[in-house]
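*Asks:* Got a predicted model here, sequence first, then my questions.
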Amino acid sequence: MIRPDLESLPAYVPGARNERAIKLSSNECAEEPLPSVQEAMSRALATMNRYPDMGAVELRAALARHLGVDEAQVAVGTGSSALCQQLVTAAAGPGDEVVFPWRSFEAYPIFAQIAGAMPVAVPLTADHRVDLPALAAAVTQDTKLVFVCNPNNPTGTTVTDAEFAAFMASVPEDVLVALDEAYFEYNRAADTPVATDVITRYPNVVGLRTFSKAYGLAGARVGYAFGPRAIIEALNKVAVPFSVSSVAQVAALASLDAQDELHARVDATVAERSRIVEKLGLSESQANFVWLPREGQDLADRLAAEGVLVRVFPEGIRVTVTNAEETDALLEAWDRAQ
């Protein structure tokens with residue numbers, strides 16, 4: 001009755017949660033949505049007896065202006081993770097391959113397997129960066145989609161413009177490339193590809209971003225994709241009808257109208273990121289988290305005992321960066337946990 005291959009499907013693991021601890025395990029924004037956004041969401045609650053605008057017309061128009069593209073080049077979904085799954089569904093099926101860096105966003109292999117495709121994981125470089133030459137080398141005649149997470153989750157590293165250009169020169173035009181920029185707003189790297197530019201140069205690239213991180217709308221579930229019209233049309237064809245709620249749509253619209261406040265919040269987080277990197281002697285990150293390679297469950301348990309939750313992977317620990325108050329708590333817990 002149920003597909004037998006789903007028995008081996010890995011489960012997505014969310015960040016640890018404890019109401020009495022500081023949660024630095026899920027890359028969430030510590031602050032509530034901006035006041036203007038909360039007001040818009042409250043007003044939208046009165047319309048919940050009606051279905052949302054299935055085409056998210058107003059939001060797509062606002063995003064098109066924000067990105068400098070046509071409305072037909074924008075799709076909206078329940079977080080960029082849903083759009084990742086829609087890309088896999090639209091591009092790949094049984095017998096096809098989906099290539100991605102590893103470790104990276106852990107849902108990539110899950111989405112591939114759900115579609116019946118073969119997930120192809122390509123290890124990161126020794127310095128925890130996406131290995132674009134290796135990704136290109138992994139592409140075969142069966143490859144339909146390649147994910148490039150930039151900045152990469154969970155390591156916070158970025159690729160360069162030259163590396164991405166060389167990668168694209170090696171990838172056939174009939175292979176779809178998804179440039180996943182979930183942490184775009186935190187990226188201060190001077191030399192790195194930006195999807196709004198990349199999609200103007202390649203017909204097989206789509207950009208992915210979200211309101212979950214910098215905009216503080218993780219619970220609203222709204223993200224967006226942008227790229228060539230044909231790809232966007234395919235994304236919309238495989239979307240769940242009415243999936244983005246009215247509240248999520250108005251929250252995203254109000255957030256786009258509050259760019260000055262958004263930038264102030266992001267700048268504050270970036271400053272805290274620099275403070276943590278310097279204090280702990282870590283490599284630079286371009287996201288709202290830092291990466292502690294080769295650390296494991298023992299350190300995570302000691303930090304949890306001090307009231308701070310972090311995310312453990314087999315290759316290391318990821319720690320979310322938020323505000324000054326939570327950074328102070330993290331650094332104090334770190335000192336006590338040593």
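*Replies:* Here it is on my side, so go on.
*Asks:* Let me see the domain layout of this protein.
*Replies:* With domains defined by automatic domain parsing, the chain comprises 15-32+259-337, 42-256.
*Asks:* Can you tell me which of the ones you listed is most buried?
*Replies:* Highest mean neighbour count among the domains of the chain (mean count of other CB atoms under 10 Å): domain 42-256, with a mean of 19. No exception for glycine: its C-beta is placed from N, CA and C like everyone else's.
*Asks:* Straight-line length of it, end to end?
*Replies:* End-to-end distance for domain 42-256: 17 Å, by CA to CA, to the nearest Å.
*Asks:* Nearest approach to residue 6 belongs to which of the domains of the chain?
*Replies:* domain 42-256 (7.9 Å; CB to CB).
*Asks:* Let me see the contact set for residue 254.
*Replies:* 34, 36-37, 39-41 (CB atoms under 8 Å, 6 or more residues apart in numbering).
*Asks:* scratch that, residue 204
*Replies:* Listed by CB under 8 Å, 6+ apart, the contact partners of residue 204 are 171, 173-177, 228, 231.
*Asks:* Mind doing that once more with 7 Å?
*Replies:* Residue 204 makes contact with 173, 175-177, according to CB atoms under 7 Å, 6 or more residues apart in numbering.
*Asks:* thinking again about what came up before, buried ones only from the contacts of residue 254, please, as a ChimeraX command.
*Replies:* A single ChimeraX command is used to select the members of those judged buried by 16 or more other CB atoms under 10 Å:
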select :34,37,40,41
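*Asks:* between the contacts of residue 254, which is nearest residue 262?
*Replies:* Comparing these against residue 262 with CB to CB places residue 34 closest, at 7.5 Å.
*Asks:* wait, doesn't that closest one sit right on residue 258?
*Replies:* Yes: look at residue 34 against residue 258 with CB atoms under 7 Å: they come within range, at 5.1 Å.
*Asks:* Show me where the stretch 201-338 of the chain has its strands.
*Replies:* 205-210, 223-226, 289-293, 308-309, 311-313, 316-320 (DSSP state E, counting those that start in this stretch).
*Asks:* So what are the sheet partners of the first one and their directions?
*Replies:* For strand 205-210, the paired strands and their directions (DSSP bridges) read strand 176-180 (parallel), strand 223-226 (antiparallel).
*Asks:* Show the pLDDT at residue 16.
*Replies:* Reading off the confidence values, residue 16 has pLDDT 69.
*Asks:* ah, wrong one, I meant residue 217
*Replies:* Residue 217 is given a pLDDT of 97.
*Asks:* Next, the nearest residue to it once chain neighbours are set aside: phi, psi?
*Replies:* The shortest distance from residue 217 to any non-neighbouring residue, by CB to CB, 6 or more residues apart in numbering, is to residue 211 (4.2 Å). With angles defined as degrees, to the nearest 10, residue 211 sits at phi -90, psi 0.
*Asks:* how near is residue 211 to residue 225?
*Replies:* As judged by CB to CB, to the nearest Å, residue 211 and residue 225 stand 13 Å apart.
*Asks:* Tell me where the stretch 1-150 of the chain has strands.
*Replies:* Going by DSSP E, counting those that start in this stretch, the stretch 1-150 of the chain shows strands at 22-23, 74-77, 97-102, 118-123, 143-149.
*Asks:* is it possible to export those to TSV including distance to residue 242 and mean pLDDT?
*Replies:* As requested, these are exported to TSV (distance: least, CB to CB, whole Å; pLDDT from 0 to 100):
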stretch	distance to residue 242	mean pLDDT
strand 22-23	31	96
strand 74-77	12	98
strand 97-102	27	98
strand 118-123	30	98
strand 143-149	26	98
